[in-house]
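> Whatever this is, show me its structure:
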Amino acid sequence: MSTNEQYQNQETPENIVLKSDRVVSFATPGGSITSSLYKCMNAVILALQNDVRQRFDSFDEVDVVYNDRVYDIQLPVAKFIEYMEWKSNNHNGAKRAINLLKDLRIEWDVLETQDGNGNKISGPSLGFQNYVSRAEVNDGILSIRLDPDIRRTLLNTSETTSLGVDLRIANGAWSDKYTPILYEHCLLFLRDGKRQFELTVPMFREIMNVPYVMEGGEKVWSYPDFKDLRKYVIKKAVDNINSLEFLDFKVETAFVGKPVRMIVFFIRNKIPSYAETAEYKALKHETLVMLDERCLEQTTRAFFNGLEKSDLYFDEEITVKNLHYIQFNIELYDKYATSKQKPLDYFKTCLKNNFEAFENHWIKIQNEMKQVQAKESQRKRVLAARQREQLEKVEADAIRQYKKVVAARFLDSLSEADKNEFMSVFHEYAIRKNPMIKPTSAGYDALMRIYLFEECHPELIEINELEKYINKAHDEFWANIKDELPTT
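Residues are numbered from 1 along each chain as shown. Predicted coordinates for the structure are as follows:
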């Protein structure tokens, strides 16, 4: 398999869902959302966004065409299961989740519209809305219907509030509901350049959808004692995030007050295992060469193995810091050993006595390493995200362009009279969709293609021909970015 193919398989663009800030921060009645329903929520967003990209030139055109009408999506159940990151044969589990999806109700933008105690403070209060107005499975096809308000919320049209969530992580990495919700909030604050955020305990319960019941007009939460909330929700979610090796950040917590009233989350850069990195291997090789050239390797090995009480330490476990410490002492050796009667004993003395003197030097090295790592990590994240977004657009563009070609081919095949008749009937269809639409309106041509391929002649779409368009677009995309692929 080529490098391009490996990278393409790892960075599947269909798994990236765009969310607005409002969608990330949500609440459900009684905190009733389950892990399965959370996966369904993400799968619905992805199904909607992919459907729109293949039919329209922009998300904005959808509102022109559909206005205050419902939006219907149809897709194979198997595809929906794929979006949920479940096993392909889990049809029964998916059907159970889809049945529950019909009754799911959501309140958006909890971070902005509630205070730390769960009280409304700003913004229009829509209360809880049905997430979908229909979700039915017939003959292996899932039909989803979205009301206009929900459709507008899920189609994020503002780049400034766009959050790209990789569903392989959000849906696939964890089996509980708390971890992905905390993960998405970390992404939200990271996007805004924030490495720390605070939540009151009631607000944390709210956005994490901790279950509750209403008694006397008050919420009575599960895990009422903070020690249980910390053990079963906070610690579990933080540990799950931190244990995922391919995330480039980790989460730490602090608790304010007695009793605890505020939870502080710190988002830290994850330090890689240096033994696995090319940088570590190069540093160790360079150090060994320096020792070998001066006949100091055996002395150094004996010193560190004795210090760490391990015969394997020098060869298999030595740290980056100690490798730099060795080079620090080699510099002293080169500078002063020639004036010593016993150069080897001088080097042994350096190794034994210079740990404190090395600390200031080590701080400088650490700062340099952090700067290099941060720049490289940022470069790779930005490049990978840009490539995913570009490839997704390339595929959607290929599908749209193919449909434009087929539509033009169809119209060209008609006589002038038949073409006028077709456009007249279509215009009546368009008026029924949106009485204010005109031939010059944005989305008018896209609606014509929807009418042609979904209402009149779906047989005009030839799958083999469409796949050739998509594959060609993929090939051109990867050829153009061959030299930009991030190194591992």
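
> For the protein, just list every one of the strands.
16-19, 26-27, 71-76, 105-108, 129-130, 134-138, 141-146, 163-166, 196-200, 212-215, 218-221, 249-256, 262-269 (DSSP state E).

> Of these, which is nearest Ala442?
Proximity to Ala442, assessed across the strands of the chain by CB to CB, is greatest for strand 71-76 (16.7 Å). To be clear about C-beta, it is placed using only N, CA and C from the backbone, and glycine gets the same treatment.

> quick check: angle from the closest one to strand 141-146?
Interaxial angle of strand 71-76 relative to strand 141-146 (axes from the mean of the first three to the mean of the last three CA atoms, to 10 degrees): 160 degrees.

> So which elements touch strand 71-76?
Packed against strand 71-76, as judged by 3 or more CB pairs under 8 Å, 6 or more residues apart in numbering; DSSP states H and E, are the following elements: helix 35-55, strand 141-146.

> so of those, which one's packed in deepest?
Of the helices and strands packed on strand 71-76, the one with the most neighbours on average (mean count of other CB atoms under 10 Å) is helix 35-55, at a mean of 22.

> Mean confidence (pLDDT) on that one, please.
What helix 35-55 shows for mean pLDDT is 90.

> hmm, back to that, so which of the helices and strands packed on strand 71-76 comes closest to Tyr333?
Among the helices and strands packed on strand 71-76, helix 35-55 sits nearest to Tyr333 (CB to CB), with 58.9 Å.

> isn't Arg53 right up against Ala396?
Yes. The criterion here is CB atoms under 8 Å, and Arg53 meets it with Ala396 at 3.6 Å.

> Mind putting the helices and strands packed on strand 71-76 into TSV with distance to Glu421?
Below are the helices and strands packed on strand 71-76 laid out as TSV (distance: least, CB to CB, whole Å):
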stretch	distance to Glu421
helix 35-55	24
strand 141-146	31
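
> Contacts only, for Leu283.
Leu283 is in contact with Val320, Leu323, His324, counting by CB atoms under 8 Å, 6 or more residues apart in numbering.

> Identify the residue with the minimum pLDDT among the residues you listed.
Among the contacts of Leu283, Val320 has the weakest pLDDT, 86.

> pLDDT score assigned to the residue sitting furthest away from the middle of the chain?
The outermost residue of the chain relative to its centre, with distances by CA atoms, centre = their mean, is Gln341 at 62.0 Å. Here the pLDDT value assigned to Gln341 is 90.

> For Asp109, find the nearest of the helices and strands packed on strand 71-76.
The nearest among the helices and strands packed on strand 71-76, by CB to CB, is helix 35-55 at 15.1 Å.

> roughly how far is the closest one from the heart of the chain?
In terms of CA atoms, centre = their mean, to the nearest Å, the centre of helix 35-55 is set 14 Å apart from its chain centre.

> what's the angle from that helix to strand 134-138?
Between helix 35-55 and strand 134-138, the angle comes out at 90 degrees (the same axes, to 10 degrees).

> For helix 35-55, C-alpha coordinates in CSV please.
Only the C-alpha atoms of helix 35-55 are listed here, as CSV (Å, rounded to 0.1, in the frame of the first residue of the first chain):
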residue,chain,number,x,y,z
SER,A,35,-24.3,6.7,24.6
SER,A,36,-26.2,5.1,21.7
LEU,A,37,-28.4,8.2,21.2
TYR,A,38,-25.3,10.4,21.3
LYS,A,39,-23.9,8.4,18.5
CYS,A,40,-27.2,8.7,16.6
MET,A,41,-27.1,12.5,17.1
ASN,A,42,-23.7,12.7,15.5
ALA,A,43,-24.7,10.3,12.7
VAL,A,44,-27.7,12.4,11.8
ILE,A,45,-25.6,15.6,11.6
LEU,A,46,-23.1,13.8,9.3
ALA,A,47,-25.9,12.3,7.2
LEU,A,48,-27.5,15.7,6.7
GLN,A,49,-24.2,17.5,5.9
ASN,A,50,-23.1,14.9,3.4
ASP,A,51,-26.5,14.9,1.8
VAL,A,52,-26.5,18.7,1.4
ARG,A,53,-22.9,18.8,0.1
GLN,A,54,-23.8,16.4,-2.7
ARG,A,55,-26.9,18.4,-3.7
